[in-house]
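> my questions concern the predicted model and sequence given below.
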Amino acid sequence: MSYFNHAFEKAFLGTHASQAATPGVDAGVDEGFLLDDGIASIELNNTAAPFALGLGTYGFFNPATNLSVDAVFVAASCCPLYLAGASLLTNDKIGPFAGGYMETNKSKLINPKYITKFYRVDPCTPQNAVVHVGSTPATAAGATLTFNNLAATAVAYTPSTTFTNVATTNSGVGTGLTVNVVVNGAGTIASIASITRNNPGIGYAIGDTITILGTALGGASPAEDVTFDVLTVTTATADCCKEFLCDETYNLRLDIKGSPALRYLTRNTYYTSGAYTGCCAAGAIAPAAVDATIVFIAWANDFMTSPLINPFIQIIVWDETGVPWFHTSALAVAAGYPSTQTWDLYVSTGHIADACAGMTFIGAYVDTKFNNCTFYPNDFYEKEPVRIYASEVDLNGDPCTFEGLCVVDECPPRQGQGFGESVLRDIILSESYRQNFTATNMDLRIREITQGNDIVDSVNRNNLYYKYYIQHHVPRFNNPSGVFDNDQYLLEIITNAPSAGLEAFMAAWLDNCSDCTGLVTEACVEVCTPMIPFT
């Protein structure tokens, strides 16, 4: 967001825990930001009373006094200030001669009228790609059900218990619905968890009566059965209910794209799987429909045995009743289903008229990540999730010559931001400008001597961080070239959470002294929650 791509960047660590100001004990700190005025910048390194500061603290200081200032001061004054942060190093000297290593980290003088941007970048958790093919709870009629108040209120159930994936019966033709039921300490139903996070089943109609047997909840049956009515039903996505015929081979192509695939194979990867539906019955005049579940299981098995594809995905197969089936018992249990709900244990009972099957692809790739002992700042770490593309194809691999299966993206892949890995590299670069270099793994003893371990350990590489940026410039009023010029500076402040203290300070400073519009927040896009949480 700088005017030029060569704007000088300097990083400040603001990870000190918030603390209320207590006279004689500690200074006020909000997510690393020093709130109190009148404190000398050198005291940022002081972890003892009456300051209790140290690593991860920073603040604004008056250059005339080198004392901290607060929001009240800047609201009444447009004085230039400098930003200073506590040193990352623990020893002021290396040997008897080299010293000054605990000098605070200071910015250039910041004139508020030359501040052009102040913005915050919030962390984002990465999002797996989730893609549905065919008839799944995300694409089939009945994918979303809402219900009215429960009819049963008897104190008859196992107290303080959560029942997961409880089977239901239905007065209509719908099948496959399972729910989560929470019982309170008194033994009455407290709630039924959101159906969209479990198996909503297929084939339900408005007005159907759903029944949960009381015996499934630790009560008696039928006296303690739980009933509710279906109030709304979503419509099926077009072309998602495909009929598969006997004595046919159906081909599904799966493409995996993105940085993980490129680094694995030096190209994007794809694989086409063929599923044969078996011979038609002897004497049959026309091909008959078969259980579509066997087609999807055949495809899933083929993909999961391919070394070109299996490092990047996990798969859920949905049978014609809307029940999910998994590759392994461990995956079934992790998703909250019985360990026996695996593809190899599926037994087909034949095709169900007007019912369809489907599958869900979940991007699931984790790249190598090195620890501190082998740490190079230029070590690669993966941030990009894979992108998944599926399409039914003909024998020539063409997806466009006939009407194939529907493909629906439930959750698009989203790259995370605010990673500790990125933050550490920002810190290392900033410290290197101060001549505090971090030795590589070939010089572990040198890294220890030069306190490089303090720099590496100052950041939790598994955390997600917030980042504040202050962009300002310093005019060159006396330029030997005779051209008026501005040097651009970008100050990065790294915190564990938003700092209300910093934001209030900057608002008071900028409102009176700058044309900058104030804080701009770059937040994450809306988080997508898949129907079945899958890791």
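Received the coordinates, thanks. Numbering: from 1, shown residues only.

> for the rest of this, base every contact and every neighbour count on C-alpha atoms.
OK.

> backbone torsions only: list them for I210.
Here is the backbone geometry of I210 (degrees, to the nearest 10): phi -100, psi 140.

> tell me, how many residues neighbour it?
I210: 20 surrounding residues under other CA atoms under 10 Å.

> can you tell me the closest non-neighbouring residue to it?
Excluding the flanking residues, the one nearest I210 by CA to CA, 6 or more residues apart in numbering is N170, at 4.8 Å.

> now that neighbour: how far from T227?
From N170 over to T227 the distance is 10 Å, taken as CA to CA, to the nearest Å.

> which residues touch the residue nearest to I210?
208-211 (CA atoms under 8 Å, 6 or more residues apart in numbering).

> if we can go back for a sec, quick check: neighbours shared by N170 and T227?
Common neighbours of N170 and T227 (CA under 8 Å, 6+ apart) are 209-211.

> adding distance to S458 and pLDDT, write the residues you listed out as a markdown table.
Listed next are the shared contacts of N170 and T227 as a markdown table, based on distance: CA to CA, whole Å; pLDDT from 0 to 100:
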| residue | distance to S458 | pLDDT |
| --- | --- | --- |
| T209 | 58 | 81 |
| I210 | 55 | 81 |
| T211 | 56 | 83 |
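
> spatially speaking, which residue is in the middle of this protein?
T125 (2.2 Å; CA atoms, centre = their mean).

> any idea how far it is from A523?
Using CA to CA, T125 is found at 12 Å from A523.

> same question for I316.
32 Å.

> more crowded one of these two?
Shown here are I316 and A523; by other CA under 10 Å, I316 has more neighbours (26 against 11).

> contacts only, for F419.
Counted by CA under 8 Å, 6+ apart, F419 has contacts 123, 461-465.

> measure stretch 92-104 end to end?
By CA to CA, the extent of stretch 92-104 from end to end equals 11 Å.

> so where's the stretch 251-400 of the chain uncertain?
Scanning the stretch 251-400 of the chain for pLDDT under 70 picks out 365-367, 397, 399-400.

> run through the helices of it in chain order.
If DSSP state H, counting those that start in this stretch is used as the criterion, the helices of the stretch 251-400 of the chain fall at 259-265, 292-304, 329-334.

> which residues of the chain fall in helices?
71-76, 259-265, 292-304, 329-334, 420-433, 444-449, 452-457, 500-513 (DSSP state H).

> what about the second one, distance to the chain center?
So that's helix 259-265. Computed by CA atoms, centre = their mean, to the nearest Å, the chain-centroid distance of helix 259-265 equals 21 Å.

> buried sites along that helix?
259-261 (16 or more other CA atoms under 10 Å).

> domain-wise, how is the protein divided?
For the chain, the structural domains run 8-124+419-522, 141-233, 250-411, going by automatic domain parsing.

> which among these is found nearest to C241?
Proximity to C241, assessed across the domains of the chain by CA to CA, is greatest for domain 250-411 (5.3 Å).

> end-to-end on that closest one?
Domain 250-411: ends 26 Å apart by CA to CA.

> try stretch 105-124
One end of stretch 105-124 to the other measures 28 Å (CA to CA).

> list the buried residues in that stretch.
Result for stretch 105-124 [16+ other CA under 10 Å]: buried residues 105-107, 109-124.

> before we move on, back to that, redo the helices of the stretch 251-400 of the chain as JSON lines? Include distance to D354.
JSON lines is the format used below for those (distance: least, CA to CA, whole Å):
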{"stretch": "helix 259-265", "distance to D354": "38"}
{"stretch": "helix 292-304", "distance to D354": "11"}
{"stretch": "helix 329-334", "distance to D354": "27"}
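
> so for Q471, which of these sits nearest?
helix 259-265 (31.3 Å).

> dump the C-alpha coordinates for that closest one into PDB.
Taking Å, rounded to 0.1, in the frame of the first residue of the first chain, the C-alpha atoms of helix 259-265 are listed here in PDB:
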ATOM      1  CA  SER A 259       1.500 -23.900  -5.500                       C
ATOM      2  CA  PRO A 260       1.500 -27.300  -3.600                       C
ATOM      3  CA  ALA A 261       0.900 -29.200  -6.800                       C
ATOM      4  CA  LEU A 262       3.500 -27.200  -8.700                       C
ATOM      5  CA  ARG A 263       6.100 -27.800  -6.100                       C
ATOM      6  CA  TYR A 264       5.300 -31.500  -5.900                       C
ATOM      7  CA  LEU A 265       5.300 -32.300  -9.600                       C
END
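
> and T168, how many neighbours?
Neighbour count for T168, taken as other CA under 10 Å: 17.

> what does the one 5 residues further on give?
If you count neighbours by other CA under 10 Å, V173 ends up with 11.

> residue numbering should commence at 56 henceforth.
Okay, residue one is now 56; in that scheme the one you just asked about reads as V228.

> got a pLDDT number for it?
What the model reports as pLDDT for V228 is 73.

> quick check: closest non-adjacent residue to E86.
S73 (4.9 Å).

> wait, that neighbour touches A82, no?
No: applying CA atoms under 8 Å as the test, S73 and A82 come out as separate, 9.9 Å apart.

> CSV for the helices of the chain, including distance to C583?
Formatted as CSV, the helices of the chain follow (distance: least, CA to CA, whole Å):
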stretch, distance to C583
helix 126-131, 39
helix 314-320, 22
helix 347-359, 24
helix 384-389, 19
helix 475-488, 23
helix 499-504, 42
helix 507-512, 33
helix 555-568, 28
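
> which one of these lies nearest to N365?
Closest approach to N365 among the helices of the chain (CA to CA): helix 347-359, 4.8 Å.

> give me the residues contacting that closest one.
Applying CA under 8 Å, 6+ apart, the external contacts of helix 347-359 come out as 298-299, 305, 307, 326, 328-332, 364-365, 369-370, 372-375, 382, 398, 403, 406, 411-414.

> now, of these, which are buried?
298-299, 305, 307, 326, 328-332, 364-365, 369-370, 372-375, 382, 398, 406, 411-414.

> in strands, which of those appear?
Counting by DSSP state E, the buried ones among the contacts of helix 347-359 place 305, 307, 326, 328-331, 369-370, 372-373, 413-414 in strands.

> now the residues you listed as JSON lines including distance to S132?
Shown next, in JSON lines, are those (distance: CA to CA, whole Å):
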{"residue": "Y305", "distance to S132": "75"}
{"residue": "L307", "distance to S132": "68"}
{"residue": "Y326", "distance to S132": "66"}
{"residue": "S328", "distance to S132": "71"}
{"residue": "G329", "distance to S132": "74"}
{"residue": "A330", "distance to S132": "75"}
{"residue": "Y331", "distance to S132": "79"}
{"residue": "Q369", "distance to S132": "59"}
{"residue": "I370", "distance to S132": "61"}
{"residue": "V372", "distance to S132": "66"}
{"residue": "W373", "distance to S132": "66"}
{"residue": "G413", "distance to S132": "66"}
{"residue": "M414", "distance to S132": "64"}
